[in-house]
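A.B. asks: Sequence and computational prediction follow.
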Amino acid sequence: MAKESMHKFLILMVFLASSLVYADSDPCESNLYPVKWKSNLSHPVSYELPAIFYKTNNSKVIVSVSKAINFVDGNMATHKPYLKSAKEYIINSLSELPKNKLVDHSNLWIATEALKGQELNKAIHVMAGYQGLFEGLLLKNEASVSINEKLIASSNTVYMVGKDPAPVHGLDYVHKLIVSNSNDIVFSKCWLDSK
């Protein structure tokens, strides 16, 4: 009887431990979701200054300020006051960059410490706006890409969608976009959605 109880106890412990590990896993860490589409991207092997960049490890996505402003102006929503304010902030901060400079876009963010309400929403959407402009111009083949400070002419894109094994708040699906060149990640984005 003691042996059977010990066996049940061990099975219960293994189940509980695996449930805890499973619940603590980040669905964005996996690359095992079904591939929806793949694409080859081409990149200009030069860019005009001033420009901004998005850095991932040893790679940079580089966008000229003029392309960035045009993209934000034509694509960023303004139907809420904080969205309109974020769009204006991005365009103004880009317009004020010194000539002949390549600037890390994260230096243009609004610090979020102690912000609340509309100001916090604005700061968050400034970050999202920059991410959106890099993603959009990259996928439109208009962003330059460097790896180890050397400009490259092409990369590969994979878009995956799969069911989250442990969904939260009705967000059942994981969407992943990965742009890479060989083993170097150029840009990646992961988000959860209800479909």
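C.D. replies: That came through, no problem.
A.B. asks: Roughly how far does E142 sit from T112?
C.D. replies: E142 is 29 Å from T112, where distance means CB to CB, to the nearest Å. In this view, the C-beta of every residue, glycine as well, is placed from N, C-alpha and C.
A.B. asks: I should have written D73 there, sorry.
C.D. replies: 24 Å.
A.B. asks: Looking at the two, which one has more neighbours?
C.D. replies: Set side by side, D73 and T112 show more neighbours around T112, with 14 against 11, by other CB atoms under 10 Å.
A.B. asks: Where does the closest residue to that one other than its chain neighbours sit: helix, strand or coil?
C.D. replies: Once flanking residues are discounted, T112 sits nearest to A123: 4.8 Å by CB to CB, 6 or more residues apart in numbering. When the structure is split into helix, strand and coil by DSSP: H, G, I helix; E, B strand; the rest coil, A123 lands in helix.
A.B. asks: number of nearby residues for A123?
C.D. replies: Counted with other CB under 10 Å, residues neighbouring A123 total 20.
A.B. asks: any idea which helix or strand carries the closest residue to N75 other than its chain neighbours?
C.D. replies: Leaving aside its sequence neighbours, N75 sits nearest to G136 (CB to CB, 6+ apart; 6.3 Å). Taking DSSP states H and E as the criterion, the element that holds G136 is helix 117-139.
A.B. asks: quick one: that helix to chain centroid distance?
C.D. replies: If you compare the mean C-alpha spot of helix 117-139 with that of the full chain, they lie 10 Å apart, counting by CA atoms, centre = their mean, to the nearest Å.
A.B. asks: same check, this time on stretch 54-72
C.D. replies: Here stretch 54-72 is found 13 Å from its chain centre; the criterion is CA atoms, centre = their mean.
A.B. asks: S154 and G136, how far apart?
C.D. replies: Computed with CB to CB, the distance linking S154 and G136 is 18 Å.
A.B. asks: of these two, who's got more company?
C.D. replies: Shown here are S154 and G136; by other CB under 10 Å, G136 has more neighbours (19 against 12).
A.B. asks: Touching, that one and M76? I think so.
C.D. replies: No - when contacts are counted by CB atoms under 8 Å, G136 is not listed as touching M76 (9.9 Å).
A.B. asks: Let me know the next secondary structure element after the one helix or strand in the chain whose mean pLDDT sits lowest.
C.D. replies: Counting by mean pLDDT, DSSP states H and E, the chain has its least confident helix or strand at helix 2-24, which shows a mean of 43. If you walk from helix 2-24 toward the C-terminus, the next helix or strand you reach (DSSP H and E) is strand 35-42.
A.B. asks: mean confidence score for that next one?
C.D. replies: Here the mean pLDDT over strand 35-42 is 95, rounded to a whole number.
A.B. asks: For beta bridges, what are the partners of G162?
C.D. replies: Beta bridges link G162 to V174, judged by DSSP bridges.
A.B. asks: From what I see, it and K36 are in contact.
C.D. replies: No - assessed by CB under 8 Å, G162 is found out of contact with K36, at 9.4 Å.
A.B. asks: Fine by me, thanks again.
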